[in-house]
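**Student:** Below is the structure, and that's it, no one-letter string:
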Ligand SMILES: Cc1cc2nc3c(=O)[nH]c(=O)nc-3n(C[C@H](O)[C@H](O)[C@H](O)COP(=O)(O)O)c2cc1C
């Protein structure tokens, strides 16, 4: 089976989670991992799509929230141009009932409602994907991170679990 992991990240936290998920998947699948601006505009020839990004303003990032993120750091942002919101809107998915799952990162404290992964899941469902594992959130400490201890390991296990869920035949 082939999987594609598409991620958006400002300060590198979601990127690190995406890489850990990809390693978990790679234990039983062929995996390609792409930053969202390099992701294809047509999805074909894969069996699993995984999409993740940072939670901004209770959902997926927008140009103005990415602008706000830019002001939080003196380093370059990982995702400088588009976010998963724009990519999902534009992408054409040519695989019927493609297995799919989403993830996000968000601040641990204070706990805030909303998650980019849930919003992404809803939009992807409308494009005909089949959600095989519930959207997952990974926590960061403060706006720019770092990740909370143990989240990279949890992401690796989530990737392994996701690979197993995607391997279950439709209707099983
Ligand atoms: C403009 C902006 C809005 C944010 N809004 C939320 C929010 O609504 N809820 C939340 O839990 N975290 C929020 N955060 C924190 C981000 O989720 C955090 O920066 C992200 O998880 C870090 O991942 P990254 O390094 O991959 O960008 C916000 C961050 C920014 C920059």
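**Tutor:** Nice, thanks for sending it over. All values derive from a computational prediction rather than experimental measurement.
**Student:** shouldn't residue 66 be in contact with residue 79?
**Tutor:** Yes. Assessed by C-beta atoms under 8 Å, residue 66 is found in contact with residue 79 at 7.3 Å. Yep, even glycine has a C-beta here, placed from its N, CA and C like the rest.
**Student:** For the two, work out which one has more neighbours and name it.
**Tutor:** Legend: neighbour count by other C-beta atoms under 10 Å for residue 66 and residue 79, higher for residue 79 (22 against 19).
**Student:** Does the more buried one belong to a helix, a strand or coil?
**Tutor:** coil (DSSP: H, G, I helix; E, B strand; the rest coil).
**Student:** Identify the residue spatially nearest to it, adjacent ones excluded.
**Tutor:** Excluding its sequence neighbours, the residue lying closest to residue 79 (C-beta to C-beta, 6 or more residues apart in numbering) is residue 8, at 4.5 Å.
**Student:** Next one: that neighbour from the ligand, what distance?
**Tutor:** Distance, residue 8 to the ligand, by C-beta to the nearest ligand atom, to the nearest Å: 7 Å.
**Student:** circling back to that earlier point, need the overlap of contacts for residue 66 and residue 79.
**Tutor:** residue 10 (C-beta atoms under 8 Å, 6 or more residues apart in numbering).
**Student:** how many neighbours does the residue nearest to residue 79 have?
**Tutor:** A count of neighbours around residue 8, defined by other C-beta under 10 Å, yields 32.
**Student:** likewise residue 104?
**Tutor:** Number of residues near residue 104 (other C-beta under 10 Å) recorded here: 29.
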